[in-house]
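Q: Sequence first, predicted model second:
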Amino acid sequence: MEDQYFISQPYGKTLDKGSISTQSPSNIALIKYWGKHGNQLPQNASLSFTLSESYTQTTLFFEPKTNREFRFEVYLDEKHQPDFEPKILQFFERIEKYVPFITDYAFRIHTHNSFPHSSGIASSASGMSALALCLVELQKQMDDIKNTENYYLQKASFLARLGSGSACRSIEGPVVVWGKHPAVAGSSDLYGCVLKEKIHPVFTDYRDTILLVDQDQKEVSSSQGHSLMQGHPFAEVRFSQASQNLHKLLDVLQVGDVSGFIEIIESEALTLHAMMMTSIPYFILMKPNTLEIIKRIWDFRRETGSSVCFTLDAGANVHVLFPEREKETVGNFIKEELADFCQNRKFIVDSVGLGAFIKS
Ligand code: PMV
């Protein structure tokens, strides 16, 4: 499939002034995407759990206008945020070809995150996917010719990807693959697709407690990190390793092999950070407390036989993953031991979820 598939057909009507509200969650990659090419295309396929409690709610207010310029304002919790606008402008410029009607309206974009803005949790995945879903819904209300369910979700994911790569994995859940992979029918570099295979029940309500180790602005952004994979000495090996890990993980998810899961997931997290440490220029996003938490998770697992494990995103925070049946024991371990290593003892209790939706 080519990206032309997502170019809007001529649409009939311009809507009167109105609004559309969506809610879209964050997601946590188990097989990591690190390295891109072309127009936000991934160098390897990635796979994520969609989350449920860490989300963005967006209301897109629209009003028809006549000139062909972009016109919009962004508000976070009712406060005007001009500093968010360059990123949204870049997003609008990238997607105009696919949703040309965006210049027909003046927009006010009101957003709210369920997690604190400066928590170190990237709001780009949930924020961009929530806005992308608003725009596809707007297209649907103007002209529903090609808006079959599949096309609708694929286009929302396709647009979200152009805002922030990993955002394309937030439209659906519980498990989403982004990037063409021979073992995943229907997978594409252009959008995320929900894993159709039956997932073992142990994984459908997995828990993810996000330990907020460092809430400061990251020293190196994801986009800088992705670009350092160009010419990286281990790049090709890394991309094929990710593909093999994804293949193995598919079996693990289907049979409910928790030990196999732990090995792949922790290796992926550490490899992601190993890529950062071996880029030129090299950098480290983990903090001493990140390492302390990892050590304590390993000790706890050895001492108690627990299935708790960790993954990391591009930062110092630790995602603690465990089966629902361990929510009490691991919950206590987090409160009593790991919270000491979080900034202001803060963590977010989350679990696997089902994706974005329109709020009525
Ligand atoms: O979507 P971006 O450009 O913010 O990159 C996300 C990169 C990782 O979170 C480290 C991995 C991933 O697959 O989400």
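A: Great, that's in hand.
Q: How about stretch 281-289, which residues are buried there?
A: L285, M286, K287, N289 (16 or more other C-beta atoms under 10 Å). Heads up, the C-betas are built off the backbone N, CA and C, glycines and all.
Q: Next: stretch 174-183.
A: Result for stretch 174-183 [16+ other C-beta under 10 Å]: buried residues P174, V175, V176, V177, W178, G179, K180, H181.
Q: quick one: average pLDDT of it?
A: On average, the pLDDT along stretch 174-183 is 98.
Q: residues contacting E337?
A: By C-beta atoms under 8 Å, 6 or more residues apart in numbering, the contact set of E337 is R296, F300.
Q: Pull up the gap between it and the ligand, please.
A: Using C-beta to the nearest ligand atom, to the nearest Å, E337 is found at 26 Å from the ligand.
Q: The ligand: which of the buried residues of stretch 281-289 is nearest?
A: Closest approach to the ligand among those (C-beta to the nearest ligand atom): L285, at 9.4 Å.
Q: Just the element for the closest one, please.
A: Using DSSP states H and E, L285 falls within no helix or strand.
Q: Quick check: chain neighbours aside, which residue is closest to it?
A: G315 (5.4 Å; C-beta to C-beta, 6 or more residues apart in numbering).
Q: same deal with F92?
A: Nearest to F92 is F70, by C-beta to C-beta, 6+ apart, at 5.1 Å.
Q: wait, I171 sits on L133?
A: Yes - in terms of C-beta atoms under 8 Å, I171 counts as a neighbour of L133; the distance is 6.7 Å.
Q: coming back round to it: and the buried residues of stretch 174-183, which is closest to the ligand?
A: W178 (7.9 Å).
Q: in terms of contact, does that closest one touch G192 like I think?
A: Yes - if you go by C-beta under 8 Å, W178 and G192 touch, sitting 4.1 Å apart.
Q: Okay, and the residue nearest to L285 sits in which element?
A: Using DSSP H and E, G315 falls outside every helix and strand.
Q: gap between it and the ligand?
A: On the measure of C-beta to the nearest ligand atom, G315 and the ligand end up 8 Å apart.
Q: distance of that residue from K287?
A: From G315 across to K287, the span is 9 Å (C-beta to C-beta, to the nearest Å).
Q: if we can go back for a sec, kindly reformat the buried residues of stretch 281-289 as JSON lines containing pLDDT.
A: Listed next are the buried residues of stretch 281-289 as JSON lines, based on pLDDT from 0 to 100:
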{"residue": "L285", "pLDDT": "95"}
{"residue": "M286", "pLDDT": "96"}
{"residue": "K287", "pLDDT": "96"}
{"residue": "N289", "pLDDT": "98"}
